[in-house]
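**Student:** The amino acid sequence is not available; the structure is as follows:
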């Protein structure tokens, strides 16, 4: 999964192990990634308003499923 979604952080883990970069995704019902937020720090995350805005921008059908 790390390589599939291009979030590899080589040498970022203990003992320089490969780990995933902090990331959040919005994926539509068809499995297509529609929005990505990548950061360099586990302390930095998207605000809920940012994610909801990304979902809303995808149209009414996707936005209705966001509250489930």
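**Tutor:** Thanks, I have the structure now. These numbers were taken from a predicted model, which means no experiment stands behind them.
**Student:** Let me see the ranges of the strands in the protein.
**Tutor:** 8-9, 19-20, 23-27, 33-38 (DSSP state E).
**Student:** Would you give the sheet partners of the first one, along with the direction of each?
**Tutor:** For strand 8-9, the paired strands and their directions (DSSP bridges) are strand 19-20 (antiparallel).
**Student:** hmm, back to that, columns mean neighbour count on top of the strands of the chain, output as TSV?
**Tutor:** (Each C-beta comes from the backbone N, C-alpha and C, glycine too.) Formatted as TSV, these follow (neighbours: other CB atoms under 10 Å):
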stretch	mean neighbour count
strand 8-9	15
strand 19-20	15
strand 23-27	15
strand 33-38	15
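**Student:** and these as CSV, adding distance to residue 44?
**Tutor:** Shown next, in CSV, are those (distance: least, CB to CB, whole Å):
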stretch, distance to residue 44
strand 8-9, 14
strand 19-20, 14
strand 23-27, 10
strand 33-38, 9
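**Student:** Output the ones you listed in JSON lines, with distance to residue 49 and mean pLDDT appended to each entry.
**Tutor:** Below are the strands of the chain laid out as JSON lines (distance: least, CB to CB, whole Å; pLDDT from 0 to 100):
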{"stretch": "strand 8-9", "distance to residue 49": "26", "mean pLDDT": "90"}
{"stretch": "strand 19-20", "distance to residue 49": "24", "mean pLDDT": "90"}
{"stretch": "strand 23-27", "distance to residue 49": "13", "mean pLDDT": "92"}
{"stretch": "strand 33-38", "distance to residue 49": "12", "mean pLDDT": "92"}
